[in-house]
Every structure is written in C-alpha cells, then in structure tokens.
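> I'd like to go over a predicted model; first the sequence, then the structure.
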Amino acid sequence: MKRESQIHRVLQALNANRVPGWQFPAHYLGLAFGRLEGHHAEVVMRAGPHCIDANGAVSLEALGVLADVAMAGAVRSQMGPTARVATVSIRLSLGILPGEGDLHAAAELKLSYPGPAMQMTAASLSVVANGKLCCTGEGTFAVLDSARNSASHPLPKRSTLESIDPLATADLTSEERLVFDRARYADTRSLAEHPFLERFWSAPSGQGKEWAERRVEGGMHVGNRVGDIQGGVLLGIAARTCSSALPQGWRLIDLSAQYISASPHTGVVIRAKSLRVGRSLACIECEATDDQGRTTLRAQASFMKEPNS
C-alpha cells in the first residue's frame, strides 16, 4: 500500500476544530450525520488512507470513534444537541471491515431511564459498508449536566473538511503546534505495517508473548469536547493493544469495554494480557490506567483464528 502523507488533512482538521462544539478526531475522520430524527441517528465515514490499517481495512481506532459517535448521536437526537453524553459501556461484534467506500453507521436509542443523579440511556448500532453488514453493537450512556460549560454539539450534516483550507503552520497556537508536531512525527515514521493513524493516536511501549502495552498521550488530537480522551479513540486503541498481544493470524470478532472514569488529558497506558489462547479462539483482556494509577477503562476482546494460519 502506497503511503500517503496526512499532514494536509491534519491542518484542515485543526482549522475546523477552531469552531467550538465538535471534536478533533471526528473532524479528522470526516464524520458527518445523515438521518437525525426521533430515536435514530446515522453517521457516515469514508474509508481512505487516513484511516486504513496494516491489513488495508478501516482501522479499529476509526471504527471505535464511528461507533461511539453514532450511538451518542442517537442519544442527542432525543435529548438535544446541548446534552453532554458520557460513554458507560460499549460492545461491538465485527465482521469483515472494508478498505474503501462509505461506512454507514445507524444507531437507535433503545432505553432511557432516569436515575437519582443522572439519566441513563442505551443504544444499538449497525454499520454497513458496500451493501454488507460489517459491525453491530450496543452502548450505554449517561446524560450529564453541563457543569464544564462545553459548547453545544453541532451534529454536522457533512464532513467539516469539505471546502476548508488547512491552517498555515505559522498561524498555529501552542496547542495546535503540539498536534502538528505529533502528526509530522507519525507521518515520517508511518509504514505499511504501522500506518499513520496507529502512530498518531498511540505508541507501543512494550510487547511480549501474549501481552502488549501502548501509551496514549493526551491532547487535542485524541480529545473530546471537554478535553478528556475521546471514548471511541480509547476503545479502538484498546482493541489494537489486545490484537498486539497475539501473533499474526487472529481476527477480532468481539470487543466489550466498561468506562470506569474519564481518561484525562495527561494520557493513559493500556496493558493487555491473554486470558486464554486456544486452537481456534483466544480471549484477551486489557486495562487503561492514568498517571496516578487509576483505572479508566477495562475491556475484553475475543479473537478467531484465521483459516490457513
């Protein structure tokens, strides 16, 4: 696969991100909302070099953001764009992910029940690409107050990268400069086996027999509207870390995660280890911890041995 520089796209996303309310990962991936009515939300993401993994398919990181944004969108379609939504848990079942074309994520709000301190909701998900179902899922979300004064979520109807110029490097703020420098570092070191997005959003910090570890540095490049690490980004990196604990020849088929607390802007370390590796099935668990040793996420992934592996 020919390597394509993603610096221009990053500078476009930085420009789009100057309008409050959306988030850099969604700008960069080009997410756009389609249907938004009743309990339903549809989000479209186009596959391309900016979000493709070493196997030539949409990366787990990009899929994680798409899934999280779509299901949270179904919540906001009912609760309104000013709602602040926190992911509590997500489960995804994966088929064959595409390497090109549009991915259409359709989410539906299934349950909504008030609690003494906050309202809880549950949503379902299906992702279709090139006429084929490639992912299903479900998620639970908490509707929080707006104590952190985040801007209203805009729910854009088309990619914010359309008809927007990239920022000039001389005009970058100090925070934007950190994102640009990280992107430039990832771009110069991206290879077919380690594409741009994998290096941009996380970095391996250790790997051995049936274990792996990755570091996620906090910042705008992985942040949500309030500055914490975006839930879908964290989900996708957790999936990649679990995958790294196995040799080649295993395919992720199921992923479940529980968000225990917000992952702070200072970053987290994700550690994965095997629970069991059999002839045909493997189960890997992982945990994300912040710099204070506090657990922010726990996840478990199931893998199937590929034919002829």
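Here it is on my side, so go on. In this text, all values refer to a predicted model and were calculated from it rather than measured experimentally. Numbering: from 1, shown residues only.
> quick one, helices of the stretch 51-200 of the chain?
60-79, 174-189, 196-201 (DSSP state H, counting those that start in this stretch).
> now, of those helices, which is deepest in the fold?
helix 60-79 (a mean of 27; mean count of other C-beta atoms under 10 Å). Every C-beta, even on glycine, is put in place using the N, C-alpha and C of the backbone.
> ok, the residue nearest to Arg84 when sequence neighbours are not counted - contacts?
Among residues not flanking Arg84 along the chain, Leu144 sits closest, at 4.6 Å (C-beta to C-beta, 6 or more residues apart in numbering). For Leu144, the contact set (C-beta atoms under 8 Å, 6 or more residues apart in numbering) comprises Arg84, Val85, Ala86, Met118.
> export the helices of the stretch 51-200 of the chain to CSV and tack on distance to Ser280 and mean pLDDT?
Below are the helices of the stretch 51-200 of the chain laid out as CSV (distance: least, C-beta to C-beta, whole Å; pLDDT from 0 to 100):
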stretch, distance to Ser280, mean pLDDT
helix 60-79, 21, 92
helix 174-189, 35, 94
helix 196-201, 27, 94
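> what's the following helix or strand after the helix or strand bottoming out on mean pLDDT in the chain?
Between all helices and strands in the chain, the lowest mean by mean pLDDT, DSSP states H and E belongs to strand 32-37, at a mean of 84. The helix or strand immediately downstream of strand 32-37 is strand 40-46, counting by DSSP states H and E.
> picking up where we left off before, so which of the helices of the stretch 51-200 of the chain is nearest Ala239?
Taking C-beta to C-beta, helix 60-79 is the member of the helices of the stretch 51-200 of the chain nearest to Ala239, at 4.2 Å.
> how about the strands of this structure, start to end?
32-37, 40-46, 84-94, 102-114, 119-129, 132-144, 203-208, 211-216, 250-259, 268-277, 281-290, 295-305 (DSSP state E).
> so which of those strands comes closest to Gly73?
strand 40-46 (3.5 Å).
> pairing partners for the closest one, with directions?
In the sheet, strand 40-46 lines up against strand 32-37 (antiparallel), strand 102-114 (antiparallel) (DSSP bridges).
> who touches the shortest one?
This points to strand 32-37. 41-45, 73, 77, 104, 106, 155-159.
> dump those to TSV, plus distance to Val179.
Shown next, in TSV, are those (distance: C-beta to C-beta, whole Å):
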residue	distance to Val179
Ala41	27
Glu42	29
Val43	23
Val44	24
Met45	20
Gly73	24
Ser77	30
His104	29
Ala106	31
Leu155	23
Pro156	20
Lys157	25
Arg158	23
Ser159	19
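> closest one of the residues you listed to Asp290?
Gly73 (27.4 Å).
> okay, Ala147: pLDDT?
You'll see Ala147 listed with a pLDDT of 55.
> deepest of the strands paired with strand 40-46, which one?
strand 102-114 (a mean of 18).
> now for the closest residue to Ile237 other than its chain neighbours: which residues touch it?
Excluding the flanking residues, the one nearest Ile237 by C-beta to C-beta, 6+ apart is Ser202, at 4.7 Å. Ser202 sits next to Glu61, Arg214, Arg215, Val216, Ile237, Arg240, Thr241, Ile270 when contact means C-beta under 8 Å, 6+ apart.
> ok, the first one to Leu36 distance?
The span separating Glu61 from Leu36 equals 25 Å under the rule C-beta to C-beta, to the nearest Å.
> coming back round to it: and the contacts of Ser202, which two are the farthest apart?
Maximum distance among the contacts of Ser202 (C-beta to C-beta): 14.3 Å, for Glu61 and Arg215.
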